[in-house]
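S.K.: quick one, what's the 3D model for this:
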Amino acid sequence: MKIFQDPKKQILDEKEEEGMGVAAIQYGETDAFIQHVKTQLWLSYQTSEVTKKGLGKVEEKKAVALKDGHMDDCFVFFMALEEESKSARVIRKCSSVLNRFLKGIGALQREGNRANDWTRVDLREVLKLMEDLIDYFAQPNEADEFEVKQNRLRALRSRQDLFQEEGVLNMILDTIDKFSQMEALPDFAGLIGEDTQMIWEEISTYLYLLVAAMIKGNHYNCAQFASAQRLDWLFGRLSNPQSAEGILDVLYCVLTESPEALNMINEGHIKSVISLLEKVGRDPKVLDVLSSLCEGNGMAVRSSQNTITQHLLPGKDLLLQTKMRDHVSSMVPNILVGVVEGSAQFRRWYFEAEVEHLEQMTNTTPYLRIGWANTVGYKPFPGSGDGWGCNGVGDDFYSYGFDGCSIFYAGKGRQIGNAPLCKGDIVGCALDLTIPEIRFTVNGMPTFGCFKNFNVDGYFFPVMSLSAKVRSIMCTTRAFPSFAPKRFLGQH
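M.R.: A predicted model of the protein is given here:
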């Protein structure tokens with residue numbers, strides 16, 4: 001910070017001055033001492049080691065004003081970046097609201113709900129602050145371009161580091177501790193009142209979600225929770241169903257971003273997670289935490305795996321609540337059609353299939369799909385994964401199926417009708433490789449859905465996928481009366 005913009009003029013003036021010259025502060029170069037003009041007190045800082053629940057011993061620096069300045073209390077000025085300047089404003093606002101909130105909770109606990117500090121607290125303001133901070137620490141969109149995504153990730157890491165250094169993360173953990181102390185009081189509901197209880201519960205959930213957002217993807221912040229004491233603090237709070245969702249997010253971040261925490265997991269921790277399965281069922285977040293307990297850095301954690309197996313599988317079916325599905329078989333004729341450059345082969349193909357027998361053997365609906373598949377990737381076989389194995393036509397990215405009510409592709413169906421196939425129905429399947437397009441008919445009536453603009457690499461062939469006690473006859477337009485569209489007549 002110089003008096004004159006012209007550096008040459010500044011140098012000439014300094015030469016004329018006797019002694020050390022006019023004081024000039026330059027960014028990143030000059031050490032400066034800061035003194036309050038009115039009180040003549042010098043700015044310094046005081047370091048203290050405090051114990052935080054969930055974090056253990058941490059070092060805190062607090063700004064203080066001293067009558068006598070110290071030689072090591074010098075400061076270096078730097079030009080703040082736009083992102084850092086914005087984060088500083090957010091930190092000031094966040095610290096102000098949280099400090100007022102913490103004072104209000106303390107007064108509420110000591111003096112009751114008529115305390116002045118508590119009446120000055122606006123819970124809706126605190127709730128909005130939590131929501132805004134969660135958005136502020138949101139991960140970049142997966143659809144963003146690579147460069148844009150990397151820039152946003154760097155900005156996010158900078159925010160997370162700055163909030164950790166300024167003690168905001170510790171302040172949020174203090175707020176969580178205060179919440180737990182208040183909720184443990186016997187007259188807690190009457191103390192805060194019915195009107196504010198719902199907002200209180202929302203804030204309680206958001207606090208953990210905010211902690212998860214502030215440490216997600218940041219190894220340094222996650223590593224601070226990788227100690228036995230801090231993990232006990234986290235797992236011990238899973239018993240509260242209201243905050244379990246947020247705690248699971250925090251645990252998942254810690255276990256995935258800081259694999260050293262896996263070495264401190266004990267049997268009690270795993271039991272507390274399994275107990276959530278008994279309370280809330282097969283919640284995806286619970287399963288994600290259990291999965292992260294079993295693997296770290298690509299290596300299996302056998303102790304956790306064995307503990308989960310011993311306590312989860314015997315006599316329980318919490319993870320075995322899958323769905324019974326009939327064995328599905330696929331029938332294909334020995335015919336392949338496709339598009340080859342320079343070939344005069346027909347590009348429009350049509351076949352029909354008549355439902356001869358349809359009988360329900362189990363409590364599940366009989367499985368019957370008819371359509372086209374491609375040699376590039378369609379391989380029907382019993383296996384594990386989405387759809388419980390036994391892939392039929394329409395269960396992958398290389399086949400297109402129809403069951404009378406819906407058309408299927410990639411394992412997902414889209415409803416186009418309400419009448420399921422029954423005995424005697426004739427399903428027509430038309431393949432037009434000039435568009436390309438696949439259409440279906442039922443007893444000569446066209447359906448409302450079709451497949452268009454799909455990949456024509458490889459060769460196509462008709463497929464019928466059916467379960468037990470289902471029979472269907474595949475026929476061409478020459479053997480039986482046909483419902484083929486006019487543009488497909490003579491091409492079969």
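S.K.: got the domain ranges for this protein?
M.R.: With automatic domain parsing as the criterion, the domains of the chain are listed as 7-76, 82-312, 329-488.
S.K.: surely residue 396 and residue 376 touch.
M.R.: No: taking Cβ atoms under 8 Å as the contact criterion, residue 396 and residue 376 are not neighbours in contact, 10.5 Å apart. No exception for glycine: its C-beta is placed from N, CA and C like everyone else's.
S.K.: ok, residue 377 - contacts?
M.R.: The neighbourhood of residue 377, defined by Cβ atoms under 8 Å, 6 or more residues apart in numbering, consists of 396, 397, 398, 458.
S.K.: for the residue nearest to the last one when sequence neighbours are not counted, which three-state class applies?
M.R.: Counting by Cβ to Cβ, 6 or more residues apart in numbering, residue 458 lies nearest to residue 376, which is 3.7 Å off, once chain neighbours are set aside. Secondary structure for residue 376, judged by DSSP: H, G, I helix; E, B strand; the rest coil, is coil.
S.K.: you'd agree residue 277 is up against residue 289?
M.R.: No: judged on Cβ under 8 Å, residue 277 makes no contact with residue 289 at a distance of 10.4 Å.
S.K.: how near is residue 440 to residue 32?
M.R.: Here residue 440 is placed at a distance of 79 Å from residue 32 (Cβ to Cβ, to the nearest Å).
S.K.: so between those two, which is more surrounded?
M.R.: residue 440 (26 against 13; other Cβ atoms under 10 Å).
S.K.: check contacts around that one.
M.R.: By Cβ under 8 Å, 6+ apart, residue 440 lies in contact with 370, 371, 402, 407, 427, 428, 429, 430, 446, 447, 449, 450.
S.K.: got a PyMOL select line for the buried ones in these?
M.R.: The following PyMOL line selects those of the contacts of residue 440 that are buried, judged by 16 or more other Cβ atoms under 10 Å:
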select buried, resi 370+371+402+407+427+428+429+430+447+450
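S.K.: residues in contact with residue 221?
M.R.: Residues touching residue 221, when contacts are defined by Cβ under 8 Å, 6+ apart, comprise 160, 161, 164, 169, 214, 215.
S.K.: what about the first one, how many residues nearby?
M.R.: Counted with other Cβ under 10 Å, residues neighbouring residue 160 total 21.
S.K.: looks to me like it is in a helix.
M.R.: Yes: in this structure, residue 160 lies within a helix as judged by three-state DSSP.
S.K.: who touches the residue nearest to it when sequence neighbours are not counted in this structure?
M.R.: Leaving aside its chain neighbours, residue 160 sits nearest to residue 218 (4.7 Å; criterion: Cβ to Cβ, 6+ apart). Taking Cβ under 8 Å, 6+ apart as the contact definition, residue 218 lies against 157, 160, 161, 257.
S.K.: again, but for residue 126
M.R.: For residue 126, the set of contacting residues under the criterion of Cβ under 8 Å, 6+ apart consists of 97, 98, 101, 203.
S.K.: scan the residues you listed and report the most crowded one.
M.R.: When neighbours are taken as other Cβ under 10 Å, the top entry among these is residue 101 (23 neighbours).
S.K.: OK, contacts around that residue?
M.R.: Under the criterion of Cβ under 8 Å, 6+ apart, the neighbours of residue 101 are 121, 126, 175.
S.K.: what is the burial count for the first one?
M.R.: The burial count assigned to residue 121 is 19, neighbours taken as other Cβ under 10 Å.
S.K.: help me confirm that residue 355 is found in a helix?
M.R.: No: assessed with three-state DSSP, residue 355 is strand; it does not lie in a helix.
S.K.: the helices in the stretch 1-150 of the chain, which residues?
M.R.: Under the criterion DSSP state H, counting those that start in this stretch, the stretch 1-150 of the chain carries helices at the ranges 7-16, 82-111, 116-119, 123-136, 146-165.
S.K.: between these, which one is nearest to residue 247?
M.R.: Using Cβ to Cβ as the measure, helix 123-136 is the one of the helices of the stretch 1-150 of the chain that comes nearest residue 247, at 15.1 Å.
S.K.: and the closest one with helix 82-111, angle?
M.R.: Note on geometry: by axes from the mean of the first three to the mean of the last three Cα atoms, to 10 degrees, helix 123-136 and helix 82-111 are set 150 degrees apart in direction.
S.K.: put the alpha carbons of helix 123-136 into CSV.
M.R.: The C-alpha trace of helix 123-136 is given here as CSV (Å, rounded to 0.1, in the frame of the first residue of the first chain):
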residue,chain,number,x,y,z
LEU,A,123,-34.3,-20.8,14.6
ARG,A,124,-35.5,-20.2,11.0
GLU,A,125,-32.4,-18.1,10.4
VAL,A,126,-30.3,-21.0,11.7
LEU,A,127,-32.1,-23.4,9.5
LYS,A,128,-31.7,-21.3,6.4
LEU,A,129,-28.0,-20.9,7.3
MET,A,130,-27.6,-24.7,7.4
GLU,A,131,-29.3,-25.1,4.0
ASP,A,132,-27.2,-22.3,2.4
LEU,A,133,-24.0,-23.8,3.8
ILE,A,134,-24.9,-27.3,2.5
ASP,A,135,-25.4,-25.8,-1.0
TYR,A,136,-22.2,-23.8,-0.6
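S.K.: before we move on, the earlier item: more neighbours: residue 277 and residue 289, which one.
M.R.: residue 289 (25 against 17).
S.K.: sorry, back to before: dump the contacts of residue 101 to CSV, plus pLDDT.
M.R.: Written out in CSV, the entries for the contacts of residue 101 read as follows (pLDDT from 0 to 100):
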residue, pLDDT
121, 87
126, 90
175, 87
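S.K.: nearest to residue 59, out of those residues: which one, please.
M.R.: After measuring the contacts of residue 101 against residue 59 - Cβ to Cβ - the closest member comes out as residue 175, at 20.4 Å.
S.K.: just the element for the closest one, please.
M.R.: With elements delineated by DSSP states H and E, residue 175 resides in helix 168-183, which encompasses its position.
S.K.: only alpha carbons, please: show that helix as PDB.
M.R.: Listed in PDB are the C-alpha atoms of helix 168-183, where the atom choice follows Å, rounded to 0.1, in the frame of the first residue of the first chain:
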ATOM      1  CA  VAL A 168     -16.100 -23.200  11.900                       C
ATOM      2  CA  LEU A 169     -16.000 -27.000  11.800                       C
ATOM      3  CA  ASN A 170     -15.200 -27.100  15.500                       C
ATOM      4  CA  MET A 171     -18.000 -24.700  16.100                       C
ATOM      5  CA  ILE A 172     -20.500 -26.900  14.300                       C
ATOM      6  CA  LEU A 173     -19.300 -29.900  16.400                       C
ATOM      7  CA  ASP A 174     -19.800 -27.800  19.600                       C
ATOM      8  CA  THR A 175     -23.400 -27.100  18.400                       C
ATOM      9  CA  ILE A 176     -24.000 -30.800  17.900                       C
ATOM     10  CA  ASP A 177     -22.800 -31.400  21.500                       C
ATOM     11  CA  LYS A 178     -25.100 -28.700  22.800                       C
ATOM     12  CA  PHE A 179     -28.000 -30.300  20.900                       C
ATOM     13  CA  SER A 180     -27.200 -33.700  22.500                       C
ATOM     14  CA  GLN A 181     -27.100 -32.200  26.000                       C
ATOM     15  CA  MET A 182     -30.400 -30.400  25.400                       C
ATOM     16  CA  GLU A 183     -32.200 -33.500  24.000                       C
END
